[in-house]
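Colleague: model the following, please.
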Amino acid sequence: MSDVEDFTSRSGRNETREEQLDRNWGELLQELRVLQTGVQILAGFLLTLPFQQRFRELDDFQVGLYLANVVMATITTAFILLPVSVHRRLFRKRLKETLVSSADAITKIALAGVGMLSVGTASLVFDVTAGRVTGLAAGGALLAILLVLMVYVPMHLNRRAAERNGSIPD
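Modeller: Model (predicted):
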C-alpha cells in the first residue's frame, strides 16, 4: 500500500496529505474570521467607553478592569492575526504542516482570549450597572459557563467519538 493510500484509509477521506492540510488551513481561516468579528465588536465597545460622560465616575477597580479588557482585546487581536503573519513568513517554503499545526495552537489561545475578554467585559458592565458583588458573581458564573462550553463539551464529544470508533481520544 502506498503512503497516499495509507493516509486516505486512515483519514476517512479521499484526499492526499497536502489536500488535507489545505482544507485544514481553510477551516482555520474561517474560524479566525468568526473570532475576529467578535473581538472587533467587543474592542469597539470598549474603546468608546472613555468618551462617555459616566466613564469619569468609575472607581479604581472598574478602571483597572476596563484597562485589563483593553489589553486582552489587543492581545487577542494579535493572536487572531498571528496565523496570517506566520503564513506570510512560511509562504512558498513547503511548510504547510508547520503552518497548520502552529495556527491550530494559536487559534486555541485566541479562543481563550475571546472567552476572557467576554467574561471581563460582562463583569465590567455588571459592576457598573448593578454593583461590585453582582459584577464579580456574573463574571464567575460566566467564566464557569464558558469553561464548560469551550473546554468540557469539546473534550466530552471527542471522548464519546473515540469510544464509538474504538480509538484513543486526542
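Colleague: pLDDT at the residue nearest in space to the middle of the chain, what is it?
Modeller: Centroid check for the chain by CA atoms, centre = their mean gives Leu111 as the closest residue, at 1.3 Å. At Leu111, the model reports a pLDDT of 94.
Colleague: for it, give its distance to Asp104.
Modeller: 11 Å (CB to CB, to the nearest Å). Using the backbone N, CA and C atoms, a C-beta is placed for each residue, glycine as well.
Colleague: the longest helix seen in the chain packs against which elements?
Modeller: Counting by DSSP state H, the longest helix found in the chain is helix 96-130. Counting contacts by 3 or more CB pairs under 8 Å, 6 or more residues apart in numbering; DSSP states H and E, helix 96-130 packs against helix 17-48, helix 60-90, helix 132-147.
Colleague: pipe the ones you listed into CSV and attach mean pLDDT, distance to Gly115 and mean neighbour count per row.
Modeller: Output for the helices and strands packed on helix 96-130, formatted as CSV (pLDDT from 0 to 100; distance: least, CB to CB, whole Å; neighbours: other CB atoms under 10 Å):
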stretch, mean pLDDT, distance to Gly115, mean neighbour count
helix 17-48, 91, 10, 15
helix 60-90, 94, 9, 16
helix 132-147, 98, 5, 15
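Colleague: what sits against the closest residue to Tyr66 other than its chain neighbours?
Modeller: Leaving aside its sequence neighbours, Tyr66 sits nearest to Leu124 (CB to CB, 6 or more residues apart in numbering; 5.9 Å). Going by CB atoms under 8 Å, 6 or more residues apart in numbering, Leu124 touches 62, 65-66, 69, 135.
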